[in-house]
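Novice: Got a sequence here, can you model it:
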Amino acid sequence: MKEDLISFDDTKVAFASKSDADLNRAHMLFKMISYNWLVKISPPLVDFALWAHLPIDGIIKKTIFG
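Specialist: Have a look, this model is predicted:
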């Protein structure tokens, strides 16, 4: 079973299936969630933006769900 696990010892192999854009998006997302204040204020801001029918669906999908 151990051979099914991904080893991160060699990041070139571990992330070979990801494009540069995918890796940059993931880096940006992890950098954003490292800011506790941003994590705390985001849900109410997103709720308000959705309630106000602001066009944020595409931003959320491209940023988080890629």
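Novice: Name the helix or strand of the chain that has the lowest mean pLDDT.
Specialist: In the chain, no helix or strand scores lower on mean pLDDT, DSSP states H and E than helix 11-14, which sits at a mean of 83.
Novice: got the phi/psi numbers for F15?
Specialist: Backbone torsions of F15, given as degrees, to the nearest 10, read phi -110, psi 20.
Novice: what's it in contact with, if anything?
Specialist: By CB atoms under 8 Å, 6 or more residues apart in numbering, the contact list for F15 reads L23. All C-beta atoms are positioned from the backbone trio N, CA, C, and that covers glycine.
Novice: Distance check, it against L5.
Specialist: Relative to L5, F15 is positioned 15 Å away (CB to CB, to the nearest Å).
Novice: give the contact list for K61.
Specialist: Under the criterion of CB under 8 Å, 6+ apart, K61 has no neighbours.
Novice: so it, which of the three states?
Specialist: Assigned by DSSP: H, G, I helix; E, B strand; the rest coil, the conformation of K61 is helix.
Novice: Let me know the pLDDT of it.
Specialist: pLDDT recorded at K61 is 84.
Novice: That one and A14: what is the separation?
Specialist: 25 Å.
Novice: Just the buried residues of the following helix or strand past the least confident helix or strand of the chain, please?
Specialist: Sequence-wise, the next helix or strand downstream of helix 11-14 (DSSP states H and E) is helix 20-33. Within helix 20-33, the residues scored as buried using 16 or more other CB atoms under 10 Å are R25.
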